[in-house]
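>>> test case, fold it:
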Amino acid sequence: AKTIRYNSVLADQFAEFFGRSDVFGLGVCNGCQMMATLADLIPGATHWPKLMRNESEQYEARLVNVKINKTPSILLSGMEGSVVPVVVAHGEGRADFSRQGNHGKLSSEGLVAVQYVNSQGEATQQYPFNPNGSPEALAGFTTPDGRFTIMMPHPERLADPLLGGSDGRPMFDGLIGALS
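Residues are numbered from 1 along each chain as shown. Sure thing, here's the model as predicted:
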């Protein structure tokens, strides 16, 4: 992301891509971090936070549950209210609004796409259910038009039985549905 930020030619190319109405994007984990860093280039993403070091000060890798909220995300279309097991594997995934973004706006505008939940399906700050200490269990966000979605968990790691499970598959089915 820094290479893009400090290279005006690349920054212009990315801004042009993000500004097109016929494209979409998904940022998972490192992609989430990158897209959050480029939020000012993505229409509707200016409220996204920076992703900082986990509260535990360590790399977290495990299976957790997330709740899919009602948002305009094309990726998560039709999954509202679902609780899905997903893999997390990151050391810097805590949403931090002190330098960038606006948590209140994300919440009030219905752009908090994914939250970490406990075994009762309730958003939680409790470790290890919330693996990075993000406020209000924040795990993913989208833009008002739903074309760009970012999340720290890895739904792709549970998108096929050959990968150990298919609970993440509906996220990609929603995307396929949006394209057809």
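>>> which residue, other than its chain neighbours, is closest to the spatially most central residue of the chain?
Nearest to the mean C-alpha position of the chain, counting by Cα atoms, centre = their mean, stands residue 151 at 1.6 Å. Nearest non-adjacent residue to residue 151, counting by Cβ to Cβ, 6 or more residues apart in numbering: residue 140, 3.0 Å away. C-beta: built from backbone N, CA, C; applies to glycine.
>>> ok, now how distant is the closest residue to residue 165 other than its chain neighbours from residue 164?
Nearest residue to residue 165, sequence neighbours excluded (Cβ to Cβ, 6+ apart): residue 158, at 4.1 Å. Residue 158 is 6 Å from residue 164, where distance means Cβ to Cβ, to the nearest Å.
>>> sorry, back to before: would the residue nearest to residue 151 count as being in a strand?
Yes. Looking at residue 140 with DSSP: H, G, I helix; E, B strand; the rest coil, it is inside a strand.
>>> my guess is it meets residue 150, correct?
Yes. In this structure, residue 140 is within contact of residue 150 by Cβ atoms under 8 Å, at 6.0 Å.
>>> what touches both of the two?
residue 32 (Cβ atoms under 8 Å, 6 or more residues apart in numbering).
>>> what is the burial count for residue 28?
20 (other Cβ atoms under 10 Å).
>>> list the contacts for it?
The neighbours of residue 28, taking Cβ under 8 Å, 6+ apart as the test, are 150, 151, 152, 153, 154, 155, 156.
>>> tell me the secondary structure for residue 3?
The three-state label given to residue 3 by three-state DSSP is helix.
>>> pretty sure it sits against residue 13.
No. Taking Cβ under 8 Å as the definition, residue 3 is not a contact partner of residue 13, at 11.9 Å.
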